[in-house]
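> Next comes the sequence, and after it the predicted model I'd like to discuss.
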Amino acid sequence: MLELLWLIPILPLAGAAVNGLLGRRLPKALVTAVGVGAPLLSLLVALGCLWEYAHGQFPNDAYDQVLYAWTTGDLSIPVAFLLDRLSAVMLFIVTFVGFWIHVYSAGYMAHEEGYSRYFAYLNLFMSAMLMLVLGNNYLVMFVGWEGVGLCSYLLIGFYYDQPFPPYAGKKAFIVNRVGDFAFLVGMFALFANFGTLNYHDLFTTIATQPGLVTDHYTMGLPLASFVALCFFVGAMGKSAQIPLYVWLPDAMAGPTPVSALIHAATMVTAGVYMVVRSNVIYQLAPGVSQFVAVIGAATAIFAATIAIAQTDIKKVLAYSTVSQLGYMFLAAGLGAYSAALFHVMTHAFFKALLFLGSGSVIHAMGGEQDMSKMGGLKKYLPSTFRTYVIGALAIAGIPPLAGFFSKDEILHAAAANGQWVLWAVGLITAGLTAFYMFRSVFLTFFGSFRGTHEQEHHLHESPPVMTIPLWILAAGAVVAGFVGVPKVLGGIDRFHEWLQPVLFHPGQPEMGAGTEVLLIAIAVIVAAAGIFLAWRAYGGEDGLANERAWAARFPTLHRVLANKYYVDEIYDALIVRPLAVLSRFFWKVVDTYVIDGTINAGAYLTELTGDVGRFSTTGNVRSYALYFFVGVLLLGCWIAFG
Amino acid sequence: METFFGLLAGNTLTRLVFFPTVAAVPLFFFTKTASKAAKIYVLIASLIELAFGVLYLAAHLGRDGGFPLVHDTVLSWISGYGVKYDLAMDGISMPLVLLGIFLLPLVILGSWRGITEHWPMFGASLLLLSTGVLGALLAYDLFLFYVFWEVMLVPMYLLIGIWGGERKIYAAVKFFLFTMAGSLLMLVAILWMAWTFQRLNGGVWSFAYDDLLRLNLPLHQQVWLFAAFALTFAIKVPMFPFHTWLPDAHVEAPTGGSVILAGILLKLGTYGFLRFALPLFPHASEVARPLLLALAVTGILYGALVAWVQVDMKKLVAYSSIAHLGFVMLGLLAADVVAWQGSLLQMVNHGLSTGALFLLVGMLYDRRHTKKFDEFGGLARVMPIFAFFLVFASLASVGLPALNGFVGEFMILTGSFRTLGWPAAVATFGVVLAAIYLLKMIQLTIWGPITKDENRKLADLSFREIAALVPLCVLMLWIGVAPNTFLQPSRQTLETVLAQYRQRVDEPDVRQASLRPATTGAEVAATEAGR
């Protein structure tokens, strides 16, 4: 089975090609069969490969598959795939969650225009994402990295004939490119020093001779720090960290299953995967690692505060995603790479679930996304309601759901490293998370319906093709955490053990079992308190009444939060506008006046010389005699007095 | 003893260069209104030329994928001054020659509807232009090179001046004068070199590339000669700040003219650096490197920024060329084999993706007779096929991995980061700017709601138009996915040239001009074997 590894990204690519080129002429059933079938086959092959990998012995604990030489010579890069313990985890998440989101899409998009185009893009995304995850060198990762960016661009702008979605897509692509720029520079630095971009070669060399990256400087920084910083800036773009997170909330303009797949479960976690993949380098760059942790924590709490004041259900989830990604970087920065990846996995389940749940709600509401027009939906959408609450409990960190275990590991890592400030920030964020998630639960499903009569008339539970994926993901959100039950709670932390061989770091510092249990208890209490406060504030008949009163009392604070701290406006004023002014100056002034002006001046000078020449060459013999005479006179003076 | 006409009849470079001229002759006897016949005739001629190109490649491409230096039989031309008719192809000129030949039929398809007057003359100009371009790429004698270099000017001047837009005369004259200004200095430099050569060679003149390469000149002489060559080529590339003729020329030129101009003519500038300016004057180029680097990097950023604020679609693409060729220059200046491979590939890439973009702009112009962004918007709804190709070509131009532009940029930047450091890092920021201006172009033309009523009933691309674009897109994808096939033919050539260049850069400056010993055939064979 393992020799079919290459098929995993190729199958969805073929699906994309069929639907993209022929989709408009194919019957809808066939489009669905191809669009959902390709990821299904991909999932089956992936499961087969994983089974064989888990039960086999491999050199370096990894299965390498070289397809062909992309380039040879000095820059020698193969197109090659790698299945190791790290890519195995990602492979499972992407194919499993991806497939179920494809199933859901078949229902969600059934009545939309551009059905085949949608599946072509979505399959293309799967292909690129799998390439990103499976590559055995940074270049293949980058190919996937930009490929998912392209699909994200196309899918955010899926409703292309409206003004906003294409704009949001463009913004996403450009902000991501800022990160990609840094990623590229990081690759250049690695290549310049090691002549390869292959993971295994790089990491073995660095791990055995750390001096190569700590004592050599590139552009003023030790090589390890330089590369780590570049890669992290790349991750900031893809994984929406401060200051490059601004594209993700706008990305919600795409269809909701897209938000679930790309902007929650898979693509946005690529940055975390990249940092974990490069853990050898990060371990040798402690300063940058600390920076990663701080940015992660800051993003986590910053986005959580914004999420509190959003009324668009998808915006709440979007900021929640930014915040949770911050958690993952907090963990990675602390050196708790397995905790970061654990959270990637549990988050993939519960956040995809929440997004698909919100999609089901939006579907029932006829496209309405504003929670202030919802309320009391639990009796109309029982399955959606139940699964959504499961997702909310999981993300809030209520035991024994998945989010509890992964979040606990992250907080534990902060505490064990003595980073109590980061721990506190993480804890507060956990409380805020529980609060805003249950705010959305109460506003959407409890109280009385606030929409129009027509909307109320049309309220209906989604068809099974959508609810079955919800239940599958809900099951994942419940059980996924059990692979990482910490030892102090009687587990064996299987997830951590699984990843140990690919992690350079020997392990996290230990702390006393009593303290650990105490910290877990505090975290659970804080989460419960968040839910309780949300219930007190929004649990009534008119869930928004308290919020309006609160907003009236602190108008400035509410305005700042509701407007997301005006970051978009600040970027526009500080970067976009000045750059546009400068560009116009280059065009209208430098090109037109300075450069062409200089050349035209040269032309005028020529013309002037010609005019003077024409004036003097009159053909009049007497004037020539005069010139001659003056000339002789001057010459005579020069000889006589010179 | 071979004659010129003997060469013309065989599978030779002479046939590649002069078949278009021969094919152009009957066009002078077509009546002005015989457009249809002229179109078909020129298309067939261009396809025959393409077949000749493929035949030549098939005959000489090595089994290992490399492409060795091949000369046509050398003929004496101006015997008193040692001027020879000497055409040769190697791994550097091969990709560019094939690109030029490959673009010609597509250009003709792209001009089918846009050119309404004097089709026979238009076709003849295109064919003569091909002769000039291919000749300049293949000339191995500097005098011959200069002749072809100037021959290129005239048909291009006519293409802009006769079939151009509103300000065609202004643009044509500007194009002519800019290019001419540089090339006269180059002529002086070539003559001076040939004169020096005969002075050191016992009065026997030669303009042959290999002979002039033997000149070992002191730095103070190299500097002047390099300046003359570099200025000529920098104008052609065009490098900042000699670029202002380009947007005007593009905006006024007809679609076909723009495709040829961007696709292949500009490459003569970068080719000139790689073939002549750097290898002939190693020390001077070393001295000038910081300045040229600064101009190249400035061009990348400047071209991109100015492209971003354009209101005319064609001008945006024109400015993007300045940025793209800035990358090529950066790679050449890096003097690194990976960067050189990238630069050569990027010359081809730019021809493909920018060629496609100009064709697309032309297709829009044929329908709407405007290129202004505010006249478009929402075209994806009425022209989905057009939208597909526009997105595809733009993404190639942006440098999206798995398409061609990425390979070139990546290799250029990887290689130049290795030798140059931070200038390459600064230049990398150009990839961000490329996304900004090209996505803006896509956004303003095809996305969003349709705002103009005229756009509601636009016809999508015809079969002919699709036929012009598909070959380009296939190549873009092929190069992006499996670049090795395209890099392999040039690698050995570039490695050899670079090794010699680097070795000469490292040699100490000399006090007086001297002549290096001629490399004999045996030595060449030895170095070949040693590789």
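Nice, thanks for sending it over.
> now for the one helix or strand residue A:550 maps to, which elements pack on it?
Residue A:550 belongs to helix A:545-553 when assigned by DSSP states H and E. When contacts are defined as 3 or more CB pairs under 8 Å, 6 or more residues apart in numbering or on different chains; DSSP states H and E, helix A:545-553 packs onto helix A:513-538. Every residue, glycine included, has its C-beta placed from N, CA and C.
> angle of the helix it packs on against helix A:545-553?
Computed by axes from the mean of the first three to the mean of the last three CA atoms, to 10 degrees, the angle separating helix A:513-538 from helix A:545-553 equals 90 degrees.
> Tell me the buried residues in helix A:513-538?
A:516, A:519-520, A:523-524, A:526-527, A:530-531, A:534-535, A:537-538 (16 or more other CB atoms under 10 Å in any protein chain shown).
> cool, stretch B:500-512 as well?
Going by neighbour count (16+ other CB under 10 Å), the buried part of stretch B:500-512 is B:501, B:504.
> Check stretch A:348-366 too.
A:348-365.
> ok, the closest residue to residue B:254 other than its chain neighbours to chain A distance?
Counting by CB to CB, 6 or more residues apart in numbering or on different chains, residue B:254 lies nearest to residue B:163, which is 4.3 Å off, once chain neighbours are set aside. Residue B:163 is 24 Å from chain A, where distance means CB to the nearest CB, to the nearest Å.
> before we move on, what about residue B:394?
11 Å.
> Return, as residue ranges, the portions of the chain with sub-threshold pLDDT.
Picked chain A for this. For chain A, residues meeting the criterion pLDDT under 70 lie at A:505-508, A:642.
> wrong chain, I was asking about chain B
In chain B, residues with pLDDT under 70: B:1, B:520-531.
> quick one, phi/psi of the residue of it most remote from its centre?
Most distant from the centre of chain B: residue B:453, at 39.5 Å, with distances by CA atoms, centre = their mean. In terms of degrees, to the nearest 10, the main-chain angles of residue B:453 are phi -60, psi -30.
> gap between the residue nearest to residue B:254 and residue B:117?
7 Å (CB to CB, to the nearest Å).
> now residue A:432
With CB to CB as the criterion, residue A:432 and residue B:117 are 71 Å apart.
> who has more neighbours, those two?
residue A:432 (21 against 11; other CB atoms under 10 Å in any protein chain shown).
> isn't that one right up against residue A:305?
Yes: Residue A:432 is within contact range of residue A:305, at 6.7 Å (criterion: CB atoms under 8 Å).
> And for the helix holding residue A:550, what's in contact with it?
A:537-538, A:540, A:558 (CB atoms under 8 Å, 6 or more residues apart in numbering or on different chains).
> wait, which of those is closest to chain B?
residue A:558 (32.7 Å; CB to the nearest CB).
> does the nearest residue to residue B:384 once chain neighbours are set aside count as helix, strand or coil?
Spatial nearest neighbour of residue B:384, excluding adjacent residues (CB to CB, 6+ apart): residue B:460 at 6.6 Å. Three-state assignment for residue B:460 (DSSP: H, G, I helix; E, B strand; the rest coil): coil.
> Neighbours of residue B:460, how many?
Count around residue B:460 with other CB under 10 Å applied: 16.
> show me the contacts for it.
B:382-386.
> Using JSON lines, please lay out the residues you listed together with secondary structure, distance to residue A:339 and neighbour count.
Output for these, formatted as JSON lines (DSSP: H, G, I helix; E, B strand; the rest coil; distance: CB to CB, whole Å; neighbours: other CB atoms under 10 Å in any protein chain shown):
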{"residue": "B:382", "secondary structure": "helix", "distance to residue A:339": "52", "neighbour count": "16"}
{"residue": "B:383", "secondary structure": "coil", "distance to residue A:339": "51", "neighbour count": "22"}
{"residue": "B:384", "secondary structure": "helix", "distance to residue A:339": "47", "neighbour count": "15"}
{"residue": "B:385", "secondary structure": "helix", "distance to residue A:339": "49", "neighbour count": "14"}
{"residue": "B:386", "secondary structure": "helix", "distance to residue A:339": "49", "neighbour count": "24"}
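> and the two most separated of these?
B:382 and B:385 (10.4 Å; CB to CB).
> Okay, now the sheet partners of the lengthiest strand in chain A, with direction.
The longest strand of chain A (DSSP state E) is strand A:63-71. Partners of strand A:63-71 in the sheet, by DSSP bridges, are strand A:77-83 (antiparallel).
> Which is the succeeding secondary structure element to the strand it pairs with?
Strand A:77-83 is succeeded, C-terminally, by helix A:85-108 (DSSP H and E).
> and that next one, what does it pack onto?
Using 3+ CB pairs under 8 Å, 6+ apart: helix A:85-108 touches helix A:28-54, helix A:115-134, helix A:256-260, helix A:270-277, helix A:337-364, helix A:464-479, helix A:494-499.
> Present these as a markdown table; the columns should include distance to chain B.
Putting the helices and strands packed on helix A:85-108 into a markdown table (distance: least, CB to the nearest CB, whole Å) gives the following:
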| stretch | distance to chain B |
| --- | --- |
| helix A:28-54 | 16 |
| helix A:115-134 | 9 |
| helix A:256-260 | 17 |
| helix A:270-277 | 14 |
| helix A:337-364 | 22 |
| helix A:464-479 | 28 |
| helix A:494-499 | 28 |
